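Trainee: have a look; sequence and predicted model below, questions after that.
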Amino acid sequence: MKIVNNPKKTKTKQYSTSEDVLKKLEGKHPVISLILEHRSLSKLKNTYVDTLPELINKKTGRIHTTYTQTITSTGRLSSQNPNLQNIPIRNERGKEIRKCFIPLKDDHLLMAADYSQIELRIIAELSGDESMIEAFKKDLDIHRLTAAKVFKIKLEEVTDDQRRQAKMVNFGIIYGISAYGLSERLGIKRHEAKELIDAYFEEYPAIKKYMEAQIEFAKKHGYVETIMKRRRYLADINSANSVVRGFAERNAINAPIQGTSADMIKIAMINIHCHLNQKQLQSKMIMQVHDELILDVPKEEVEVVSSLVKSCMSNAIRMKIPLKVDLQTAKNWLEAH
DNA sequence: AATTTCACG
DNA sequence: ACGTACGTGAAATTA
């Protein structure tokens, strides 16, 4: 439609209409917002609203997913037919879908328990970074603290936007950050993103060292490993193609973090299952969403099961960093969050 | 069958 | 100059 001069193309040379691209074009033509709105609605209708009711099992009256242990490269589970690890929550209409997930019986509740900031805690543990370890020991707001550090201001002076930017940097660290990736997400210039990253590494020097050490380890051995020794092999780590090598380097950083988190919740799940059995409880562990467990719990078991779940999750793997588990019960999945 | 888009952590 | 944030699965579109 000639809305923009050099429109972004996909790798097959089509004009890209991805959400990222359309968001930047919003306001330049009235149709853009309408397309985004229609996309969002048709996604929810086609993927969830029209589909999930068809998948209710006649015998059990419930929807059953299949968890697969051998698909992901990091050790996470994946969920298929249907995928119950991508049920909407981020926007208001999506939340209505999550509300449909309810307990088996009237006198039961759903319990949702999730690890707080698990991947940042793991990188703090693996890197041994003193100031990040301190922050978690004091249970500080890690994104606010990071903002204070990289912008060289006091905690009280951090604005919402600075905190938002620092949060993006923290996420970027876990993914194996690049100045380009950060600049795209923050809508800033690449050199500004680079300055943010440099400031970050000055404040958390052990994290920088850890990331370099992971890449070195991968180059030498051809794989990286989690705290429980789960390996991810990285065939491209010594590639002469810098783009291909860059992918492998970011995997070398991310896989031990995401994989350690996966190891941890799997151990927690085994222990929770054993305890529920031993104590002959009626409660059932019904879903896992990477850093979260959902249980169906008779009301009279809420107290015993919540402390059982919290302790199994908090103590799954012995670490120096304290782990934090948020847990709530409610009459549907949305409100248990 | 491959690609694009978008839902989640 | 290149062209990237990590990990998935499902539905719709394109080839």
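Mentor: Thanks, I have the structure now.
Trainee: the helices in the stretch 51-200 of chain A, which residues?
Mentor: For the stretch 51-200 of chain A, helices defined by DSSP state H, counting those that start in this stretch occupy the ranges A:92-98, A:118-127, A:130-137, A:142-150, A:160-175, A:179-186, A:190-203.
Trainee: mean pLDDT lowest for which of these?
Mentor: Of all the helices of the stretch 51-200 of chain A, the minimum mean pLDDT falls on helix A:179-186 (a mean of 92).
Trainee: how about it: buried residues?
Mentor: Across helix A:179-186, burial judged by 16 or more other Cβ atoms under 10 Å covers A:179, A:181-183, A:186. No exception for glycine: its C-beta is placed from N, CA and C like everyone else's.
Trainee: do the same with stretch A:223-232
Mentor: A:223-227, A:230, A:232.
Trainee: then stretch A:76-84?
Mentor: Neighbour counts over stretch A:76-84 (16+ other Cβ under 10 Å) mark A:76-77, A:79, A:82, A:84 as buried.
Trainee: grab the nearest non-local neighbour of A:Y48.
Mentor: Among residues not flanking A:Y48 along the chain, A:I97 sits closest, at 5.0 Å (Cβ to Cβ, 6 or more residues apart in numbering).
Trainee: sorry, slip of the keys, the one I care about is A:K149.
Mentor: A:E203 (3.9 Å).
Trainee: what of A:K299?
Mentor: Nearest one to A:K299, counting by Cβ to Cβ, 6+ apart, is A:D107 at 5.3 Å.
Trainee: so A:L281 sits right up against A:V302, yeah?
Mentor: No - in this structure, A:L281 is not within contact of A:V302 by Cβ atoms under 8 Å, at 10.9 Å.
Trainee: against DNA strand B, how distant is A:M269?
Mentor: 14 Å (Cβ to the nearest atom of the strand, to the nearest Å).
Trainee: ditto for A:D114
Mentor: Counting by Cβ to the nearest atom of the strand, the gap from A:D114 to DNA strand B is 7 Å.
Trainee: give me the neighbour count for that residue.
Mentor: 20 (other Cβ atoms under 10 Å).
Trainee: can you get me a residue count around the closest residue to A:K284 other than its chain neighbours?
Mentor: The spatial neighbour of A:K284 that comes closest, neighbours along the chain excluded (Cβ to Cβ, 6+ apart), is A:D296 at 4.9 Å. A:D296: 19 surrounding residues under other Cβ under 10 Å.
Trainee: confirm A:D296 sits in a strand?
Mentor: Yes - assessed with DSSP: H, G, I helix; E, B strand; the rest coil, A:D296 lies in a strand.
Trainee: bridge partners for it, pull those for me.
Mentor: A:D296 has these beta-bridge partners by DSSP bridges: A:L110, A:K284.
Trainee: need the contact list for it.
Mentor: A:D296 sits next to A:103-104, A:108, A:110-111, A:283-284, A:286 when contact means Cβ atoms under 8 Å, 6 or more residues apart in numbering.
Trainee: just the helices in the stretch 201-337 of chain A please.
Mentor: Assignment of helices within the stretch 201-337 of chain A using DSSP H, counting those that start in this stretch yields the ranges A:205-221, A:242-278, A:302-314.
Trainee: spell out which parts of the stretch 201-337 of chain A neighbour DNA strand B.
Mentor: For the stretch 201-337 of chain A, the residues in contact with DNA strand B (Cβ under 7 Å from any atom of the strand) are A:258, A:289-292.
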